[in-house]
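# With the input below, show me the fold.
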Amino acid sequence: MEWVLRSPQIHSTFSNLGFLHADGYHVNENCNAALETILHNILTEDKYLRTYRRSISFGQNIKKDLIPLLIHAKEDATIELLIRILVNLTIPIECLLSVDVISRNDFGRHTIFEINNLLASTKVAFTDHRATKVVIDFLKKNVDCEQKSKLTSEQCTNISNSLLLLRNILHIPEEPSGQSPSYNGPHAVQNQILWNIFSQSIDKILIKLMIIPDANKWAVTMVQLIALLYKDQHVVTLHKLLNLWIEASLSESSEDNESNTSPPDRGSDSSPMCTSEPTSDSSDTGGSGKSNDDPNSVNKDWDASSQMNNTSENGNPPFQTTEEKESDNEDKNNSIESNNDENVQSDNGQSTTCSGGAQANRNGQAQPSSKSEKKTVISENSDCGYGTQIENQESISTSSNEDELPSKKPVHQKPHNPKQRVNNKARSGVTMQDRKRKKIVKRGKSNIINVQGLSHKTPTDDDISNVLKEFTVDFLLKGYNSLVQTLHNQILSNLQLEIDTSHFFWLVTYFLKFATQIELDLENVSSVLSIDIVSYLTAEGVNLCEQFELAIKLDGNDLKPNIRRLHLVVTAIREIIQAIDLYKKFSHICKEDQEALLKLQLKMCETEELRSLLVLLLRHYNPKYHSKQYLQDVIVTNHILLMFLDSAMKLPEYNGSTNMLDHIRQFASSEIMYQYGLLLEDYAGNGEFVNDCIFTLMHHVGGELESLITLFQPKILKTFTSIWKSEFEICDDWSDLIEYVINTFIKKPHSLQSTANFRLDIENFDDVKIVPKPTVSPPAQSKPDTVEADEKKPTTKSNTSCVSNGKGESRWTEDELSSLSWNYMQCSALPDVVGEIITLYKEDGIIKSRDSVIKELYTQNLINKEDYDKFVKGENDRNIKTVQVMKEMRDDEINKLCEQLTQDGKSKFLDWVQKVLLETCFAKIYLDKLARKSEGDSTIEENETKLSKLKKSNDLHILSPVSYHSLLMNQSIPLVPWNCKQASICKDLKFLQLLHKLGFHMPVDSGKVFIRIPHFWTADFLYDVAGKISPIDKCLAPRLIQKAVMLINTTGWKWCKNHKSTK
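So this is what the prediction gives:
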């Protein structure tokens, strides 16, 4: 307890700041020096005991000294120092200490208690509206809304630190007991702080900061702060409030707008992002009662961004534990949220005539909220809203015209529901739609509405929901698009800054549904609904899938963050698809926007890796770690995507090469059907649409693909039998499928049944490490000097000799030099003089290199300059010949392996590898082209990143998302086995030998799950390697060749051998 004895020194330091008196607070002249001392002591305190901040906690110096000084300080320098000190004092405990380790003993637990007490008391202290007003005013002053030039570095630092402080304060969990008896309710302190900062116009400042040129400097902190603003907000609540806000402008002109004027159903997000269903239904309250369940705790980015602004101490461990909980509950809100999204829509019908605003809305929310505590809601109410509002309206809404809808049982009608709603809305009158559009446009042009008369009010949850409803509209109209674009650029361009990508996925998932609900103009979400974002989500899905498989193999590794991010990727993809579909149906969309949406849909249709990603995720679904909700979301998203692509391929503008039947064939495996069978077990609670998604694919597999045997699995047959016996109500198509499968199984021979009744274990692709690594010569690199490099490596010799380094610099002993003359005399008449001399030395146990012998012969004057040049030239010719011989041998081995694989009927896998190589080659050319272009463009502003320059080209859509983003991140490119057959061939010894000889990196070498293409291979070399597998023109699809020609024409690239150069 030595640190307690130093308390007098601490009190002395704080007493130099100033003192309270009857008229306010007196600020001492030397308070800035005292503040700098305090900051220095915080940054240099013991990193394990954290004694200085514990002393501050013990002395209550934040409440007694720092907050009063902050309120009464007049100088900007004082406020700046105070904010830096408070930022460091409010860093989450997970960043300061290894909580799991330190909590194992009493001393550690006491330390945790004291730091948590410091954080909780600090949060309560900031409920004083005067404290937040100083921070907000300091932000306003530094933003300087009137100035048009860029901010200074000092202003940027002050803005970043102020945002960090607000973020840290909002992140601190509330103590259930409460630091102050005057606050009641689980979110009272948080609500009061939110109420205060919104009354002080934080909304205007945040949106301003999102759109100014320096926004990239605080984009990460900004999205974390926004996540914290919404952490206790259910989407269902905001959805209802937004409906009331929209319908307020329509109710004057129509009496029957109860159902017709509701915006098209956004559909539910369907996914409580929790990792276990029992906890997902409580996210209505945000789980704020527990510090470790805080929905929006922010991850290791805390430390990274704090250090970037010199406000956080060095050496803090990355913030990892709260990260998981952050988006974990973040996602609970954001997706349970959307779980009940449909409920919002159906409830909305009866609440349109309510004038009670939030209070009426709160009452209306009680039903779905209480129902959500039952497990059935996860299935019944989370069928994702892709046309499923019928059954949800039946179970939740009381509208008179909904009870008869379920009698229209054929499930195939369901996807058309959104369209029906749009048509109904159109019939209700053009004037109503015009009024709605006019209200949105007017709001977009108006100044942001401030919360009124808030100063001394204690807000309720309803008040905060209404405030956030107003902020949501303004954020979507003025800041959302910019923030998504800025954050996306930061993720891809700032490789040094660690960014929790779950924030980005959450941003897309959470707000897109609101954008479509209020029918935002497409220009306000153009950065979100773009092929750039779709491509990134696809690549990140592959990356997270591989990370998950690696994490499983690491004992004690926490899988929750990875599971959460992967789940968010799936929901983000679904939200984008749903949004595109809805925007295409909006009547106010202009022709230019319609063409942009069509172009985007066609690009997505040609992005093969997007649709293959869902196959990959299904293959790697593991019920031991993943929730059923995640499986449901993957299957539903896949169904929605297939419908989305199928509709695009039927358009007259489509001229792509996608074959939907070939793609669906990837699902015709026992492994994939096993996953579908797992979800079908809950058929009674799934909801009609989810069951429709399952049966539709099973119908294709057993029908067109004639792979009925993949359905002969115990789980599937047991479920089919249960459905059949219970007379569960399903449409005739699925009844026929069940009857056909059961009857066929019964009639099949026993041997066929037994072969079908097995469960393929989830494949671990890196099981290839049990296969002995092929011992072959090193692969050819882009420079043909492998042999020379080998000869230049140090070679060991016996104790009597030194090691030659290949450059003739090894030391020769006197005995070796004396024998050199004799050896040369013996061998001078032989054809290979140098080789014979080396042999003689070997007989004596001495190892010498050829270069070393030649150089020493010349040094000892045993040969003249002419002989020396002749020997050197001969060695060069010999090396070239050796390299050529080895290359021919290697090429011959590659050809033989390719022939053997072709004879075994595996040529399609060779085409697959060749295609990946060419896709990587094209991506390499594209990035090289853009890099040269950006280097030559001197007119680009400093704040414009390289990535933003790349995006200005329209060529991005032709690139493989995985190859492009891997190269952009300077990482090796994975050869992703999307389907079961590709995963199986990656365990074939001949196939592995082929890839090894081609120079691919094996999983056992790279420490990854997938085989990888080295990122340092040049475009020429990639093209050469692809040509070794088979003649390129023979196997390439015409569209792939067009890609190559287009890229060559735009870059002036030269193919070294296999292609004629194009200028």
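# What number of residues are in the vicinity of residue 987?
17 (other CB atoms under 10 Å). (Glycine included, C-beta is placed from N, CA and C.)
# before we move on, which element is it in?
Under the criterion DSSP states H and E, no helix or strand holds residue 987.
# same question, residue 921
Going by DSSP H and E, residue 921 is in helix 907-936.
# Looking at that helix now, give me its mean pLDDT.
Model confidence over helix 907-936, given as mean pLDDT, is 86.
# For that helix, buried residues please.
907, 909-927, 929-930, 934 (16 or more other CB atoms under 10 Å).
# can you give me the strands in the stretch 851-1000 of the chain?
973-975 (DSSP state E, counting those that start in this stretch).
# which regions of it lie under the pLDDT threshold?
Scanning the stretch 851-1000 of the chain for pLDDT under 70 picks out 877-879, 881-887, 934-957.
# change it to 80
Low-confidence segments of the stretch 851-1000 of the chain, defined by pLDDT under 80: 851, 855-858, 860-862, 864-892, 931-958.
# how much space between the closest residue to residue 163 other than its chain neighbours and residue 971?
Once flanking residues are discounted, residue 163 sits nearest to residue 221: 4.6 Å by CB to CB, 6 or more residues apart in numbering. Separation of residue 221 from residue 971 (CB to CB, to the nearest Å): 26 Å.
# Of these two, which one has the most company?
Remark: of residue 221 and residue 971, residue 221 carries more neighbours, 26 against 14, as counted by other CB under 10 Å.
# before we move on, back to that, would the residue nearest to residue 163 count as being in a helix?
Yes: Residue 221 forms part of a helix when assessed by DSSP: H, G, I helix; E, B strand; the rest coil.
# Quick check, it in contact with residue 165.
No: counting by CB atoms under 8 Å, residue 221 does not reach residue 165; the two are 10.0 Å apart.
# Would you confirm that residue 604 contacts residue 649?
No: if you go by CB under 8 Å, residue 604 and residue 649 don't touch, sitting 11.3 Å apart.
# out of the two, which sits in the more crowded spot?
Counted by other CB under 10 Å, residue 604 and residue 649 do not tie: residue 604 has more neighbours, with 23 against 13.
# That one - that's part of a strand, no?
No: using three-state DSSP, the assignment for residue 604 is helix, not a strand.
# Against residue 700, how distant is it?
Counting by CB to CB, the gap from residue 604 to residue 700 is 21 Å.
# With residue 608 instead?
19 Å.
# so what's residue 60 up against?
Residues in contact with residue 60, defined by CB atoms under 8 Å, 6 or more residues apart in numbering, are residue 121.
# at 10 Å what do you get?
117-118, 121, 125 (CB atoms under 10 Å, 6 or more residues apart in numbering).
# could you measure it against residue 651, distance?
Taking CB to CB, one finds residue 60 at 68 Å from residue 651.
# between the helix ranked longest in the chain and helix 907-936, how many degrees?
Longest helix in the chain by number of residues, with DSSP state H as the criterion: helix 865-903. On the basis of axes from the mean of the first three to the mean of the last three CA atoms, to 10 degrees, helix 865-903 is oriented at 130 degrees to helix 907-936.
# What is helix 865-903 packed up against?
Contacts defined by 3 or more CB pairs under 10 Å, 6 or more residues apart in numbering; DSSP states H and E place helix 865-903 against helix 786-792, helix 833-843, helix 850-859, helix 907-936, helix 989-998, helix 1019-1029.
# in stretch 619-634, what counts as buried?
Burial within stretch 619-634, assessed by neighbour count using 16+ other CB under 10 Å, is assigned to 619-621, 626-634.
# same thing with stretch 41-56?
Under 16+ other CB under 10 Å, the buried positions of stretch 41-56 are 41-43, 45, 49-56.
# any chance of those residues in a markdown table, plus secondary structure?
Formatted as a markdown table, these follow (three-state DSSP):
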| residue | secondary structure |
| --- | --- |
| 41 | helix |
| 42 | helix |
| 43 | helix |
| 45 | coil |
| 49 | coil |
| 50 | coil |
| 51 | helix |
| 52 | helix |
| 53 | helix |
| 54 | helix |
| 55 | helix |
| 56 | helix |
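# quick check, nearest of these to residue 732?
residue 50 (68.0 Å; CB to CB).
# Quick check, pLDDT for the nearest residue to that closest one once chain neighbours are set aside.
Excluding the flanking residues, the one nearest residue 50 by CB to CB, 6+ apart is residue 96, at 5.8 Å. pLDDT, residue 96: 88.
# Look at residue 96 and say how many residues are nearby.
So residue 96, with other CB under 10 Å, has 24 neighbours.
# Quick check: it touching residue 52?
No: contact criterion CB atoms under 10 Å: residue 96 and residue 52 do not qualify, at 11.5 Å.
# Identify the contacts common to the two.
residue 45.
# Next, give phi and psi for residue 849.
Main-chain torsions, residue 849, degrees, to the nearest 10: phi -90, psi 160.
# my read: it touches residue 838, true?
Yes: contact criterion CB under 10 Å: residue 849 and residue 838 qualify, at 7.9 Å.
# Compare these two (neighbour count), which wins?
Counting neighbours by other CB under 10 Å for residue 849 and for residue 838 shows that residue 849 has the greater number, 22 against 19.
# for the stretch 51-200 of the chain, what spans make up the helices?
51-59, 61, 67-72, 76-89, 93-96, 99-102, 106-125, 129-143, 153-171, 188-199 (DSSP state H, counting those that start in this stretch).
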